[in-house]
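Enquirer: return atomic coordinates for the entry below.
(2 chains)
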Amino acid sequence: MKTIKFLSIFALAGLLFTGCSDDDENPDPVNEEEVITTMTVTLVPGGGGDTITLQTRDLDGDGPDAPVVTVSGDLAANTTYGGGIVLLNETETPPENITEEVEDEDDEHQFFFVTTGNIASVDYGDQDDDGNPVGLVFTLTTGDAGNASIAITLRHEPKKPNDGTLADAGGETDITETFNLTIQ
Amino acid sequence: MTFPSAFSQECNNTLRGKVIDYHDSTPLSGATIMVFGTEKAVVSDIDGNYHIDGLCKGNYELEVSHAECATLFIPVTIDQNMTLDIKLEHHLEELKEVKVIGDAVFDKTNSAQETSLSLKTLEQYSAGSLGEALKEVGGVSSLNTGANIVKPIIHGLNGSRVLILNDGVRMQDMEWGDEHAPNIDINAAGSITVVKGASALRYGGDAIGGTIIMEPRRIFTKDTLFGKTLVNGISNGRGGVLTSELAKTYKKGWFLKAQGSYKRLGDQEAPDYVLSNTGIQETGASLEAGKNLFEWGFNARYSYYDAEIAILRASHIGNVDDLIRSINSGQPEIVRPFTYDLQNPRQKVTHHLGKLEFYKRFEGLGKWSFQYDYQNNRRFEFDIRVGEDRGKPSIDLELTTHTVNTDFKWDANRDFQLHFGIMGRYQDNFANPDTGVRRLIPDYEKVDFGGFLISEYRLNGYWKLDGGIRYDFTRIDAKKFYQTSRWEERGYDEDFSQFVIDDLGTQLLTNPVFDYGNVSATAGIQFSQNNNRTFRFNYALAQRAPNPSEIFSDGLHHSAARIELGDLRVDSETSHKFSLTYDRQFKNWGYTLEPHANFITDFILLEPSGVELTLRGAFPVWSYRQTDARILGVDASAYINWAERWQTDHRFSLVKGNDTQRDQALVNIPSANLRNRLTYSRPEWKNFELSLRSDYVFRQNEFPPNITVFSPEQQEEVLLEINTPPEAYHLVGLFGTMEFPLGKKTRLTTSLTINNILNTNYRDYLNRQRFFADDLGRNFIVQLKFNY
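Expert: Now for the predicted structure:
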């Protein structure tokens, strides 16, 4: 009787062992969805002149490579620029345009613009269905010649409406970058 | 070397003594004392006296039974005419304490630093967690993530360096992560022993910190049905804990036992604000059955544990600027009204454990045991995610483990014992890709084999030597995706190109396979004189293979807003630990001194190392590296019986950890702490006891340098005070208890615990949420315990 019990324990153990050790398949890769790799901001001067492009690009996402930030040129003093933002996921071919998703869910998104130096103002140029600002389209007015910076942050599911500050809006940061500018 | 044989001695020794009640020392008449392996059985007389003669020299086991008491087994060594007073326990559940008084043979080790917690102490922590209860042991502290996730630290070391044995089963519950607490229901434990160091070789060779051995209540060979129910009401968190157990035992050795607990708390509170999203829901259950005889026995056990733990909302931060803001403001960013809801971020863990055990004693040889255990551990971590991913976990891991052990303890000789065994283990980890987040821990398979030999030699009545050796082989075979940029940044393309099995463009699929062979050993000596003076010295060599987290961690840990990076180059670490115990007992007082020194080569540590920039902002990087470390410390404790009813207990622990390569302090070394307790007890008032407790935790003045990071928001380098410890603090607590008999076999015990009476604001260096919020405020815990 004892022997039978004991043997059955052994058999059970053996069964469990062999039952679970046959797993030679390769795991599936995880491609993170809705990744934004590239933000391109186009600034078109109202009275004609050079279009300025600000871009930040980070092809490896959370990986070790830092985003590459480029500013195509200097801004003119006391000028109003029409601004537009394009977001891309360049880990896919062809690149996926994330801007459209933001447009579709514009009540769940908002860009915030924090400036320093000689930028006179940044004004929203678009609204969601509830009449709250989105920021894919905006106008930027420069002041006198000098240095300036603009930090652009896209928040997902911010509080809407909010008082225009990041702290009040909350939500999750989808993208944030600071561009250093020269105005002349 | 020759060993005296137990069989060739003259058989004219007598054993005599008195059977008395453990509590009040009244003599117990009518107790039966049987000597196993002989036909001898005697009954104690009206004064409790008994007398057995014609005993040979050698080891025996006595079975002492009494109508009103639990049956007790006592090992005794006969080498002359001897006197042995036997203390029997009326209350079944406190038998463990009798064991401690009875004999040292049950110790897990002889010469190492070792402390046991009794059931009475554990019940005080019925509303808490394993990690909190263990802090009753000197030299044990904890690494917390809030108040619900409590990881034990022994002599400054935690995680994979601390083994947890749950009823003989080594827990395999992803102990590698800082925010992974042991998946154990404290209410299932009957006693807990902490071995501070790697000397308990039979359980594993890699316990560089120590071993925590949790055992259930003993089962008796007696026809009885007994149980208990505990109800705890907890003010801070506005919830409670209910736990119940019932056991049926039979004289012929059969038994059946069931136990279950349920805990529920809402948001907990600091003195000044609600700690939003800190609730918990925890369920534990176990079922055990078997036959338990002296000569042989077997048992089967299944236990289930499930915990859903909400994580402080304010500790979810977006990037390094949020962290800087939080550290500077000193206030949680998000405080909401109290709720019972468990929202994101939160974790949900489930642990299943099944065990089959069989043992047989061979007369004149020893005891052979065989055990198989199965464990399944599932862990979900939910971050704050938006859009379609809202309800999706960010981490979804399933760890399955099978272990087979067999060992033999040769104890036929009275002066020399041998214990040897072998172990085999297979483990599989599955990381579910459906999370949509790159895996932090990869899929892997792990195989372990181990063998040990330990022995004990008694030189004479005072001195004992012990020693042992163990070998473990570990193979880890993983399938892991690396971002190509990470693979190259780490230089793996030069050192480990043979591991690449597929190139997906931006990602590489790799198949790293590593083998580790580790040797551990221990040697020690013990001197003991009438239990009044004990001296123990122990040396332990331990080697530990790196865990999967140390090798493979890779990715952004959202809830902690940090990037964690393992290292494929990490190799086993080696520890040499020396420990000394000196214990003196006088008539009305006693003290214990326990200095220890641990020298670790290739010590693996995780510390903040810099910042990485991404489009979502900058994140602190925590990376693993290896160095040489030196950990020195001392635990000191004393008690004084000032008068019949007044007693004080005092305890002090100090640990110093140094990175000897960089000549700087190690990260996360516990602060020095001092605990004092004043107890008034009056047994004639329904076992009344009241104690006042003071805990003083010093500021940790030794910590590694802070790091400077580039703040995108401030557009400049700023100092991130991620290592600066908080200030010292002092907490006052109170505990009172009374006991009421409700019938012949039923008892009610009531108790009140008040923690942090003065509602002191404090933060602890070893709480990972210290950057975001204060620790818990005042807490009242009312407990009712029914024994039946």
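
Enquirer: now the element after the least confident helix or strand in chain A by mean pLDDT, going C-ward?
Expert: Ranking every helix and strand in chain A by mean pLDDT, DSSP states H and E puts helix A:2-20 at the bottom, with a mean of 51. Under the assignment DSSP states H and E, the closest C-terminal helix or strand after helix A:2-20 is strand A:38-45.

Enquirer: and that following strand, C-alpha only, in PDB?
Expert: Output in PDB follows, covering the C-alpha atoms of strand A:38-45 (Å, rounded to 0.1, in the frame of the first residue of the first chain):
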ATOM      1  CA  THR A  38       9.000  62.300 -35.100                       C
ATOM      2  CA  MET A  39       7.500  65.700 -34.500                       C
ATOM      3  CA  THR A  40       7.800  68.300 -37.200                       C
ATOM      4  CA  VAL A  41       6.700  71.800 -36.700                       C
ATOM      5  CA  THR A  42       6.400  74.100 -39.700                       C
ATOM      6  CA  LEU A  43       6.400  77.900 -39.200                       C
ATOM      7  CA  VAL A  44       5.300  79.900 -42.200                       C
ATOM      8  CA  PRO A  45       5.800  83.700 -42.000                       C
END
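
Enquirer: pLDDT on it, on average?
Expert: The average pLDDT within strand A:38-45 is 95.

Enquirer: ok, it near chain B or not?
Expert: Yes - using Cβ under 8 Å from any Cβ of the partner chain, strand A:38-45 reaches chain B at A:Met39. Placement of C-beta: from N, CA and C, glycine included.

Enquirer: buried residues in the helix or strand just after that strand?
Expert: Using DSSP H and E, the helix or strand that follows strand A:38-45 in sequence is strand A:52-57. For strand A:52-57, the neighbour count (16 or more other Cβ atoms under 10 Å in any protein chain shown) marks A:52, A:54-57 as buried.

Enquirer: say whether chain B is contacted by strand A:52-57.
Expert: Yes - using Cβ under 8 Å from any Cβ, we find that strand A:52-57 touches chain B at A:Thr56.

Enquirer: quick one: strands adjacent to that strand?
Expert: Applying DSSP bridges, strand A:52-57 is found paired with strand A:38-45 (antiparallel), strand A:68-71 (antiparallel).

Enquirer: before we move on, back to that, and the buried residues of strand A:52-57, which is closest to B:Ala310?
Expert: A:Thr56 (35.1 Å; Cβ to Cβ).

Enquirer: grab the nearest non-local neighbour of the closest one.
Expert: A:Glu177 (4.2 Å; Cβ to Cβ, 6 or more residues apart in numbering or on different chains).

Enquirer: give me the pLDDT value at that neighbour.
Expert: 92.

Enquirer: so what's the residue count around it?
Expert: 23 (other Cβ atoms under 10 Å in any protein chain shown).

Enquirer: same question, the one 3 residues further on
Expert: By other Cβ under 10 Å, 14 other residues sit near A:Asn180.

Enquirer: which SSE is it in?
Expert: Secondary structure (DSSP H and E) places A:Asn180 in strand A:172-183.

Enquirer: likewise B:Ile640?
Expert: Counting by DSSP H and E, the element that carries B:Ile640 is strand B:617-641.

Enquirer: partner strands of that strand, with direction?
Expert: Assessed with DSSP bridges, strand B:617-641 is paired to strand B:562-565 (parallel), strand B:589-614 (antiparallel), strand B:646-659 (antiparallel).

Enquirer: how far does that strand sit from the chain's center?
Expert: Chain-centre distance of strand B:617-641: 17 Å, with Cα atoms, centre = their mean, to the nearest Å.

Enquirer: now residue 123: phi and psi?
Expert: I went with chain A, as the question did not name one. When quoted as degrees, to the nearest 10, the phi and psi of A:Asp123 stand at phi -120, psi 140.

Enquirer: nope, chain B
Expert: With angles defined as degrees, to the nearest 10, B:Glu123 sits at phi -70, psi -30.

Enquirer: in a helix, A:Val102, correct?
Expert: Yes - under DSSP: H, G, I helix; E, B strand; the rest coil, A:Val102 falls within a helix.

Enquirer: so B:Pro271 makes contact with B:Asn779?
Expert: No - counting by Cβ atoms under 8 Å, B:Asn779 is not a contact partner of B:Pro271; they are 11.0 Å apart.

Enquirer: of these two, who's got more company?
Expert: More crowded of B:Pro271 and B:Asn779, by other Cβ under 10 Å: B:Asn779, with 21 against 15.

Enquirer: tell me how far the closest residue to the more buried one other than its chain neighbours lies from chain A.
Expert: Using Cβ to Cβ, 6+ apart and skipping the chain neighbours, the partner closest in space to B:Asn779 is B:Asn236 (3.7 Å). Separation of B:Asn236 from chain A (Cβ to the nearest Cβ, to the nearest Å): 27 Å.

Enquirer: run through the residues that contact the spatially closest residue to A:Pro161 that is not a sequence neighbour.
Expert: If the residues on either side of it in the chain are set aside, A:Pro161 comes closest to A:Asn132, at 5.0 Å by Cβ to Cβ, 6+ apart. Neighbour list for A:Asn132: A:107, A:110, A:160-161 [criterion: Cβ atoms under 8 Å, 6 or more residues apart in numbering or on different chains].

Enquirer: and A:Asn132, what pLDDT?
Expert: 94.

Enquirer: ok, now B:Phe652?
Expert: B:Phe652 is given a pLDDT of 97.

Enquirer: that one against B:Asn676, yeah?
Expert: No - B:Phe652 is beyond contact range of B:Asn676, at 9.4 Å (criterion: Cβ under 8 Å).

Enquirer: which residues of the stretch 451-600 of chain B lie near chain A?
Expert: Taking Cβ under 8 Å from any Cβ as the measure of proximity, the stretch 451-600 of chain B contacts chain A at B:479, B:481, B:483-486, B:489, B:501-502, B:504, B:506-507, B:509, B:555-556, B:563.

Enquirer: restricted to helices, list these.
Expert: In this view, those that belong to helices under DSSP state H are B:484-486, B:489.

Enquirer: related to what we said a few turns ago, quick one: the residue nearest to A:Pro161 from B:Asn723, how far?
Expert: Look at A:Asn132 and B:Asn723: by Cβ to Cβ, to the nearest Å, they are 42 Å apart.

Enquirer: how about B:Thr243?
Expert: Counting by Cβ to Cβ, the gap from B:Thr243 to B:Asn723 is 39 Å.

Enquirer: who has more neighbours, the two?
Expert: Applying other Cβ under 10 Å to B:Thr243 and B:Asn723 shows that B:Thr243 carries more neighbours, namely 23 against 17.

Enquirer: can you give me phi and psi for B:Arg161?
Expert: Torsion angles, degrees, to the nearest 10, at B:Arg161: phi -90, psi -10.

Enquirer: from chain A, how far out is it?
Expert: 28 Å.

Enquirer: which one is that residue nearest to, not counting chain neighbours?
Expert: Using Cβ to Cβ, 6+ apart, the closest residue to B:Arg161 is B:Gly209 (3.7 Å).

Enquirer: now swap in B:Ala665 and tell me
Expert: Closest to B:Ala665 by Cβ to Cβ, 6+ apart is B:Glu702, at 3.8 Å.

Enquirer: just say helix, strand or coil for the one you found.
Expert: Applying three-state DSSP: B:Glu702 is coil.

Enquirer: separation between it and chain A?
Expert: Distance from B:Glu702 to chain A, by Cβ to the nearest Cβ: 31 Å.

Enquirer: surely B:Pro646 is in contact with B:Arg677?
Expert: I think there's a mix-up here, since residue B:646 is Trp and not Pro. No - taking contacts as Cβ under 8 Å, B:Trp646 lies outside contact range of B:Arg677: 11.5 Å.
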